[in-house]
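> sequence plus the predicted model coming up.
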Amino acid sequence: MKSASDQWFDEAYYQRYYFDKKTSVVDPGHVERLGNFVCSYLKYLRVPVTRVLDVGCGIGLWREIVAKHFPDASYQGVEFSEYLCERFGWERGSVVDYASAEPFDLVICQAVLSYLSPADLKLALHNLGRLSRGALYVEAATREDYERDIIDDALADPRLFRHRAELYRRGLQEGLIDLGGGVWLSRKLDVPLFELECAGSR
């Protein structure tokens with residue numbers, strides 16, 4: 001099966017999943033709490049953050065959160081959707097092959113990876129490790145989440161792939177350390193970690 005088509009992410013898609021309160025899957029309050037957690041944890045770990053990449057940034061909910069916690073950091077929003085790039089001025093690109101001359105201190109990838117086929121997902125996970133020289137926050141619905149009824153089928157996009165959690169973990173562990181809570185730390189970053197701060201083996 002192929003990854004999501006760029007034709008999917010038009011104005012009607014964002015009206016359905018972002019702007020219509022009856023059908024929206026986006027809760028700005030939830031994103032704010034999540035962003036506060038991620039940024040506060042990185043500050044606790046003393047991860048320096050001056051360059052932030054939000055790949056699949058959507059309508060840019062993370063931008064203000066990043067600015068609040070890291071006011072001197074640059075924020076780069078990248079989107080696959082041509083509609084959103086025209087509306088918000090994001091850079092057009094895909095998590096599968098987006099490239100930058102300089103890596104980022106924090107990479108955010110929320111609700112993007114489930115739209116990728118297994119082959120593209122493998123490429124994207126490797127690319128996320130390459131793009132981050134500091135931390136990565138990643139969120140993706142897994143098959144296990146559906147099996148445990150954590151995902152509301154009535155609201156979720158039925159076209160999402162239901163990859164196993166292990167597929168994500170295996171791809172990310174190549175270049176990153178799992179800290180739990182969706183937060184990963186680059187193996188290139190020299191930050192002392194207690195063993196129990198890591199969610200799994202290093």
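Cool, got the structure.
> contact partners for the residue nearest to Phe9 when sequence neighbours are not counted?
Excluding its sequence neighbours, the residue lying closest to Phe9 (Cβ to Cβ, 6 or more residues apart in numbering) is Ser81, at 3.6 Å. Where you see a C-beta, it was placed from the backbone N, CA and C, and this is true even at glycine. By Cβ atoms under 8 Å, 6 or more residues apart in numbering, the residues touching Ser81 are Asp6, Phe9, Asp10, Tyr13, Tyr14.
> quick check, pLDDT for Pro158.
pLDDT, Pro158: 86.
> let me redo that: Ala67
Per-residue pLDDT puts Ala67 at 98.
> check which helix or strand covers it.
Assigned by DSSP states H and E, Ala67 belongs to helix 61-69.
> what comes up buried for that helix?
By neighbour count on 16 or more other Cβ atoms under 10 Å, the buried set for helix 61-69 is Leu61, Trp62, Arg63, Ile65, Val66, His69.
> stretch 150-159 too?
Buried, per 16+ other Cβ under 10 Å, within stretch 150-159: Ile151.
> start and end of it, how far apart?
17 Å (Cα to Cα, to the nearest Å).
> partner residues bridging the residue nearest the centre of the chain?
Per Cα atoms, centre = their mean, the C-alpha nearest to the average position across the chain is that of Cys109, at 1.2 Å. Beta bridges link Cys109 to Val138, judged by DSSP bridges.
> list the contacts of it.
Val55, Gly56, Val95, Leu128, Leu136, Tyr137, Val138, Glu139.
> next one: stretch 107-115 to chain centre, how far?
4 Å (Cα atoms, centre = their mean, to the nearest Å).
> can you dump the C-alpha atoms of that stretch in PDB for me?
The C-alpha trace of stretch 107-115 is given here as PDB (Å, rounded to 0.1, in the frame of the first residue of the first chain):
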ATOM      1  CA  VAL A 107      12.300  17.900  16.300                       C
ATOM      2  CA  ILE A 108       8.500  17.600  16.700                       C
ATOM      3  CA  CYS A 109       6.500  15.000  14.700                       C
ATOM      4  CA  GLN A 110       3.000  14.700  15.800                       C
ATOM      5  CA  ALA A 111       0.200  12.700  14.100                       C
ATOM      6  CA  VAL A 112       2.100  12.300  10.900                       C
ATOM      7  CA  LEU A 113       3.800   8.900  10.700                       C
ATOM      8  CA  SER A 114       0.600   6.900  10.700                       C
ATOM      9  CA  TYR A 115      -0.100   8.200   7.200                       C
END
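> any idea where the strands of the protein begin and end?
Secondary structure of the chain (DSSP state E): strands at 51-55, 74-79, 91-92, 104-110, 132-139, 176-180, 183-186.
> so what are the sheet partners of the first one and their directions?
Under the criterion DSSP bridges, strand 51-55 sits next to strand 74-79 (parallel), strand 104-110 (parallel) in its sheet.
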